[in-house]
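Colleague: please find the sequence and the predicted model below.
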2 protein chains.
Amino acid sequence: MNDTFKALSDPTRRKILQLLKEKDMSAGDIADQFNISKPSISHHLNILKQARLVQDERQGQNIIYSINLTVMQEAMGWFLGMIGTKGESTHDE
Amino acid sequence: MNDTFKALSDPTRRKILQLLKEKDMSAGDIADQFNISKPSISHHLNILKQARLVQDERQGQNIIYSINLTVMQEAMGWFLGMIGTKGESTHDE
DNA sequence: TTGATATTTAGATAATCATCTAAATCTTAT
DNA sequence: ATAAGATTTAGATGATTATCTAAATATCAA
């Protein structure tokens, strides 16, 4: 969960996720959307990958990235737990 | 929104929010829950405050912190937007 | 196999961040 | 007014991070 939030804390990485929400994209196509070097984007993609927020698959010369909505939902679960009735305990009592 | 995610990226700050979800607490009582100096906790509280994730109010010698669920809900809205049907565009077309 | 394209890895650097101690501020009680 | 308690501010330090350029790896095409 910490990796997830750390990964989401950078605006470039959040924008990458928003791009991948629309459609799967190659690393190069993703990099073209930013004024940042390709190695830096590769680094961001790696952080997203370690957090399992994205998956990658090689297709010929390209590596295609796609979003992992399952992990996104898990993160949203954290918010749901927080927004539950104020003062409500996590465990039954 | 960036301030929000930045604020949420630290585990100590997330734990503070979980404490405040249960009940409002003074800065000192919050600090007692961690093996971290009071000034450091004060710093974390300030970051949460700038992100408007918490509010504070002085009560005598103490300063009482409370969670701001509205901002939490806004952050969750970002996730809802992400989890919408894959490939679905934000604007109508 | 050689060359071109796509992507990552390595290594360096400047900026940001979490943390600490010491000192300052604010409030209450004597 | 002074002392005590609660909290924050100031300033410093070590760790993490985002970024870059240069070099390495992998795939495809000729």
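Modeller: Nice, I can see it.
Colleague: was I right about A:Ala7 contacting A:Leu48?
Modeller: Yes. At 5.5 Å, A:Ala7 counts as touching A:Leu48 under the criterion of C-beta atoms under 8 Å. In this view, the C-beta of every residue, glycine as well, is placed from N, C-alpha and C.
Colleague: what sits in contact with each of these two?
Modeller: A:Arg13 (C-beta atoms under 8 Å, 6 or more residues apart in numbering or on different chains).
Colleague: low-confidence ranges, chain A, go.
Modeller: Applying pLDDT under 70 to chain A flags residues A:85-86, A:89-93.
Colleague: 50 instead, please
Modeller: Chain A contains residues with pLDDT under 50 at A:91-93.
Colleague: and it, which of its residues are near DNA strand C?
Modeller: Applying C-beta under 7 Å from any atom of the strand, we find that chain A lies next to DNA strand C at A:26-29, A:31, A:38-39, A:41-43, A:45-46, A:56, A:61-63.
Colleague: residues in contact with A:Arg52?
Modeller: Counting by C-beta under 8 Å, 6+ apart, A:Arg52 makes contact with A:Asp3, A:Thr4, A:Asn68, A:Val71.
Colleague: try it again at 7 Å.
Modeller: A:Asn68, A:Val71 (C-beta atoms under 7 Å, 6 or more residues apart in numbering or on different chains).
Colleague: buried sites along stretch A:75-91?
Modeller: For stretch A:75-91, a neighbour-count test (16 or more other C-beta atoms under 10 Å in any protein chain shown) marks A:Ala75, A:Met76, A:Trp78, A:Phe79, A:Met82, A:Ile83 as buried.
Colleague: what do you get for stretch A:48-57?
Modeller: By neighbour count with 16+ other C-beta under 10 Å, stretch A:48-57 contains the buried residues A:Leu48, A:Ala51, A:Leu53, A:Val54, A:Asp56.
Colleague: narrow the residues you listed to those in strands?
Modeller: A:Val54, A:Asp56 (DSSP state E).
Colleague: among the buried residues of stretch A:48-57, which two are most distant?
Modeller: A:Ala51 and A:Asp56 (13.0 Å; C-beta to C-beta).
Colleague: which neighbours do those two share?
Modeller: Going by C-beta under 7 Å, 6+ apart, no residue sits against A:Ala51 while also sitting against A:Asp56.
Colleague: now do the strands in chain A.
Modeller: A:25-26, A:54-59, A:62-67.
Colleague: dump the ones you listed to CSV, plus distance to B:Arg13.
Modeller: Below are those laid out as CSV (distance: least, C-beta to C-beta, whole Å):
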stretch, distance to B:Arg13
strand A:25-26, 32
strand A:54-59, 25
strand A:62-67, 26
